[in-house]
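[1] Let's see this in three dimensions:
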Amino acid sequence: MKYVFLVSHGTLAPGMHNALAMLAGEGREDIISTSLENGMSSDTYAENVRKCISQITNEDEIILFGDLAGGSPLTTAANVIAEQGMLPKTVIIGGMNLPLALSAVLMKDTMDTADLITMLVTEAREEIKEFKVVNEEKEDDI
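    Numbers count the residues shown, from 1 in each chain. Here you go, the predicted model:
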């Protein structure tokens, strides 16, 4: 199985997990998440990561998404995954957003992981857009 693992500062990852459940289906075992809460020790967070990946086997793959590339939640999760010997079957992406995570969940079982990652990164970049509101009110003619 391919797992989508979301990690973040604060409650971003659990919130994104909740949004993915709304969009991709409740009760999916292939989506896991944890977060580094304010005041939480790195040891406690690392233990939470261990609990999250405890059901993952050496035959499985992990697509690890973090809120910030190089941030503590992502680097700690990567270190724990490495300790468990799962790093060779893990792809790590920093800078997650909802379209990226949703596409990963929906497409992960239909594509080779390398092709999936290429598609996801391209798609995620394209989803970031500025919306400009055009004011079409016309001034009354005097």
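
[2] which residues in this protein form strands?
    In the chain, strands defined by DSSP state E lie at 2-9, 31-36, 61-66, 90-94, listed in chain order.

[3] Can I get stretch 99-115 as CSV, trimmed to CA atoms?
    Provided in CSV are the C-alpha atoms of stretch 99-115 (Å, rounded to 0.1, in the frame of the first residue of the first chain):
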residue,chain,number,x,y,z
PRO,A,99,-4.7,20.1,-4.2
LEU,A,100,-1.3,18.4,-3.9
ALA,A,101,-2.4,16.1,-1.1
LEU,A,102,-5.8,15.3,-2.7
SER,A,103,-4.2,14.4,-6.0
ALA,A,104,-1.7,12.2,-4.2
VAL,A,105,-4.5,10.4,-2.4
LEU,A,106,-6.6,9.9,-5.5
MET,A,107,-3.8,9.1,-8.0
LYS,A,108,-1.2,7.2,-5.9
ASP,A,109,-2.4,3.7,-6.8
THR,A,110,-2.8,4.4,-10.5
MET,A,111,0.8,5.5,-11.3
ASP,A,112,4.4,4.7,-10.7
THR,A,113,5.6,6.8,-7.7
ALA,A,114,8.3,8.7,-9.7
ASP,A,115,5.8,9.7,-12.3
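
[4] And the pLDDT for Ile142?
    Among the per-residue scores, Ile142 holds a pLDDT of 58.

[5] And Ala124, by the same measure?
    Residue-level confidence at Ala124 comes out at 87, pLDDT.

[6] ok, it - contacts?
    When contacts are counted by Cβ atoms under 8 Å, 6 or more residues apart in numbering, Ala124 touches 95, 97, 99-100, 103. Glycine gets a C-beta too; all of them are placed from N, C-alpha and C.

[7] go with 10 Å
    Listed by Cβ atoms under 10 Å, 6 or more residues apart in numbering, the contact set of Ala124 reads 93, 95-101, 103-104.

[8] Show me what His9 bridges to in the sheet.
    Beta-bridge pairing of His9 under DSSP bridges involves Leu36.
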